[in-house]
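Visitor: Could you work out the structure for the sequence below:
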Amino acid sequence: MFKINSTKNLKLILIWIPSLLVAYIFLENGFTKIFYSNGMDKLGVSNTILIAVGFILIISVALFLYKKTLLYGAAILALYMTAIVFIHISKGKPFFLTFLIVLLTLFATYLRKTQLQL
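Guide: Model (predicted):
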């Protein structure tokens with residue numbers, strides 16, 4: 001019986017690792033936009049918009065981590081990063097890492113969504 005519980009716990013941990021990584025990436029991004037928006041003058045966006053986007057990211061992470069609102073949070077986060085990918089492409093900047101974050105968000109959502117009982 002010990003083996004079954006340890007296997008189940010390992011599976012649960014492996015399912016949550018991508019979600020926690022996604023949460024860390026977006027929380028760090030959101031808090032940076034809220035608390036250090038004055039240092040982001042190069043973006044050409046007002047501080048108010050950056051702070052609002054920061055709050056939206058933090059709320060989206062909370063939605064993403066709660067199982068009943070997982071899809072809503074994942075949709076907002078994936079759409080946000082998809083917009084960032086297009087911004088990088090339009091400015092001729094490397095976009096591979098931002099694209100990987102979109103894929104990681106979708107992968108983490110898939111792992112957790114297949115475990116949910118509807």
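Visitor: Enumerate every residue touching W16.
Guide: When the contact criterion is Cβ atoms under 8 Å, 6 or more residues apart in numbering, the partners of W16 are R112. Yep, even glycine has a C-beta here, placed from its N, CA and C like the rest.
Visitor: chain center to the regular element (helix or strand) spanning it, what's the gap?
Guide: Counting by DSSP states H and E, the element that carries W16 is helix 2-35. In this view, helix 2-35 has its centroid 11 Å away from the chain centroid, taken as Cα atoms, centre = their mean, to the nearest Å.
Visitor: Which parts of it count as buried, going by neighbours?
Guide: Using 16 or more other Cβ atoms under 10 Å as the test for burial, helix 2-35 gives 16, 18-19, 22-23, 25-27, 29-30, 33-34.
Visitor: Likewise for stretch 71-79?
Guide: Here stretch 71-79 shows 73-78 as buried, counting by 16+ other Cβ under 10 Å.
Visitor: And these, which is closest to V53?
Guide: V53 lies nearest to I76 out of those, by Cβ to Cβ, at 11.0 Å.
Visitor: Can you tell me the closest non-neighbouring residue to that closest one?
Guide: Of all residues beyond its chain neighbours, the one nearest I76 is S60 (4.1 Å), with distances taken as Cβ to Cβ, 6 or more residues apart in numbering.
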